[in-house]
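Participant: Below: sequence and its predicted model.
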Amino acid sequence: MSKAYKEEIDTLVGDILESYEKYPDICSIDKGNRLNKDIIIDILEEIRCVVFPGYFEVKNLNAGSIEYHVGELLEDIHYRLGKQVAKALYHSDKIEAEGSNFREKAEEIVKAFLRRIPALREILATDVQAAYDGDPAAFNTDEVIFSYPGVFAITVNRIAHELHVLGVPLIPRIMTEYAHSLTGIDIHPGATIGSYFFIDHGTGVVIGETTEIGKGAKIYQGVTLGALSTRGGQTLRNKKRHPTLEDNVTVYSGASILGGETVIGEGAIIGSNAFITSSVPGGTRVSIKNPELQFKGRVCMTELGQEGFWKGN
C-alpha cells in the first residue's frame, strides 16, 4: 500500500467516524445487548418443529422418542429465546423505566410463551384445515403444511403475535419480516386474527398492526388491510388505524380496505380491485363494474381482401 493511499484511507476512516458521532441512531457500538437475527430465525424454526412435529426435522420421529425430542427442543428454546428476549427488553423504555431486571423479566415472558404452545397448535390446526378446505388444488393437509406460503406466514405471525402481546420488542417484527421476505406476505405481529384464517396464494398481502380479523376469513393475493394515512407518523402510535373484518369475510385479489373505522360486516364479500374506505354491512357483495373490453387483431388478408381488424364484444 502506497503512502498516499494509506493517507487517503486514514482520512476516509476519520470522516466515517465523524459520521458515526453525527448520526448515533444508526450505530450499535459499545452495546452488549445486540440481538442476533440468525439465532432468532433458528429459534423460530425450532418452535415450528414443536408446533408441527415430524414435518421439518432432519430425522424421522417415532413415538418412542417424541417425549425426549420435544423436551430437548423446549429446553433449547427456553435458553436461547430467554437470552434474546432479555437483550430485546434492553431496548424497551417502559421496562427500563420500571427498573426491572431484564433477565428475570425475560424468564417470565419465555415461560408464559411456552405455556401458550398448546393453544397455538389448536388455532394453527384450524388454519391448516381452512387452507385445505378452501383450496380444491390441495392434495392433503401435509401439502398445506409443507408448501403453502400463506400457512407459513400465518404460523410465523401467530408465534410472533404471542411474543408481541407479552411485551417483547423487536423480536416479533424480526420474525414476521423473515416470513415476509420468503413469501411476500406482510403481516404485522400486532394484528389480531381469528381461527380458520386462510390466505390463498398470498403474494403482496399487507395486514397492518391494528387490523382485527374474525374467524373464517379468507383473503387472496395483493390484498391490503391498511391505514388511510400515515402522515401523522409517531403521533398515530397505539391508535386504531387499520380495518376490522368480522367473521367469514372474503376479500378477493387486489382489494384495498383502509382505515381504523372501517368495518367489513360478517359474511361480506369484497371483489377484486375494490378500494374501500368506509364500512360495509354484513352479507354485502362489493364489486367493481367490469370495464368494456376491446379485442383488436390482424385478420387474414385472403378473407378480407385488405388489411382489417376485428372488434370483439
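Facilitator: Yep, that arrived. Numbers count the residues shown, from 1 in each chain.
Participant: can you map out the strands along the protein?
Facilitator: Taking DSSP state E as the criterion, the chain contains strands spanning 186-187, 192-193, 198-199, 206-207, 212-213, 218-219, 224-226, 244-245, 250-251, 256-258, 263-264, 269-270, 275-276, 285-286.
Participant: Ranking the ones you listed by mean neighbour count, which comes first?
Facilitator: strand 198-199 (a mean of 28; mean count of other CB atoms under 10 Å). C-beta coordinates here come from the backbone N, C-alpha and C atoms, glycine included.
Participant: can you give me the mean pLDDT across that strand?
Facilitator: The average pLDDT within strand 198-199 is 98.
Participant: among the strands of the chain, which is nearest Glu46?
Facilitator: Taking CB to CB, strand 186-187 is the member of these nearest to Glu46, at 20.8 Å.
Participant: The closest one pairs with which strands, and in what direction?
Facilitator: strand 206-207 (parallel) (DSSP bridges).
Participant: which ones are touching Gly271?
Facilitator: Counting by CB atoms under 8 Å, 6 or more residues apart in numbering, Gly271 makes contact with 252, 255, 285-288.
Participant: Next one, pLDDT for it please.
Facilitator: Looking at Gly271, the pLDDT reads 96.
Participant: now Asn157
Facilitator: Per-residue pLDDT puts Asn157 at 98.
Participant: try Cys300
Facilitator: In this model, Cys300 is scored at 52, pLDDT.
Participant: go on, the one 10 residues further on?
Facilitator: What the model reports as pLDDT for Trp310 is 44.
Participant: Pass me the low-pLDDT residue ranges in the stretch 101-250 of the chain, would you?
Facilitator: For the stretch 101-250 of the chain, the stretches with pLDDT under 70 are 230-236.
Participant: Now for the contacts of Gly271: which two are most distant?
Facilitator: Checking the contacts of Gly271 with CB to CB, the most distant pair is Ala255 and Arg285, at 12.4 Å.
Participant: So which of the contacts of Gly271 is the closest to Phe198?
Facilitator: For those, the nearest to Phe198 is Tyr252 (12.8 Å; CB to CB).
Participant: wait, isn't that closest one in contact with Val286?
Facilitator: No. Counting by CB atoms under 8 Å, Tyr252 stays clear of Val286, with 9.7 Å between them.
Participant: Spell out which residues are contacts of both of the two.
Facilitator: By CB under 8 Å, 6+ apart, the residues touching both Tyr252 and Val286 are 269-271.
Participant: with those in mind, which one is nearest to Asn33?
Facilitator: Among those, and counting by CB to CB, the member closest to Asn33 is Ile270, at 44.0 Å.
Participant: doesn't Tyr252 make contact with the closest one?
Facilitator: Yes. Using CB under 8 Å, Ile270 is in contact with Tyr252, at 6.5 Å.
Participant: which parts of stretch 36-55 are buried?
Facilitator: Neighbour counts using 16 or more other CB atoms under 10 Å place 40, 43-44, 46-52 of stretch 36-55 among the buried residues.
Participant: cool, and stretch 180-188?
Facilitator: 180, 183-188.
Participant: contacting residues for Ile219?
Facilitator: 198-200, 205, 225, 250-251.
Participant: ditto for Ile193
Facilitator: Residues counted as contacts of Ile193 (CB under 8 Å, 6+ apart) are 154, 157-158, 161, 187, 207, 211, 213, 217.
Participant: change it to 7 Å
Facilitator: Ile213 (CB atoms under 7 Å, 6 or more residues apart in numbering).
Participant: Check the gap between it and Val205 for me.
Facilitator: 12 Å (CB to CB, to the nearest Å).
Participant: and if you look at Ile213?
Facilitator: Counting by CB to CB, the gap from Ile213 to Val205 is 12 Å.
Participant: that older thread, I'd like the list of the buried residues of stretch 180-188 that fall within helices, please.
Facilitator: Counted as lying in helices by DSSP state H, out of the buried residues of stretch 180-188, are 180, 183.
Participant: Out of the buried residues of stretch 180-188, flag the one nearest to Ile117.
Facilitator: Ranked by distance to Ile117 (CB to CB), the buried residues of stretch 180-188 are led by Ile187 at 19.7 Å.
Participant: which residues in the chain form helices?
Facilitator: Remark: helices assigned in the chain by DSSP H are 3-22, 37-51, 66-89, 93-98, 102-115, 117-134, 141-147, 149-165, 171-183, 301-304.
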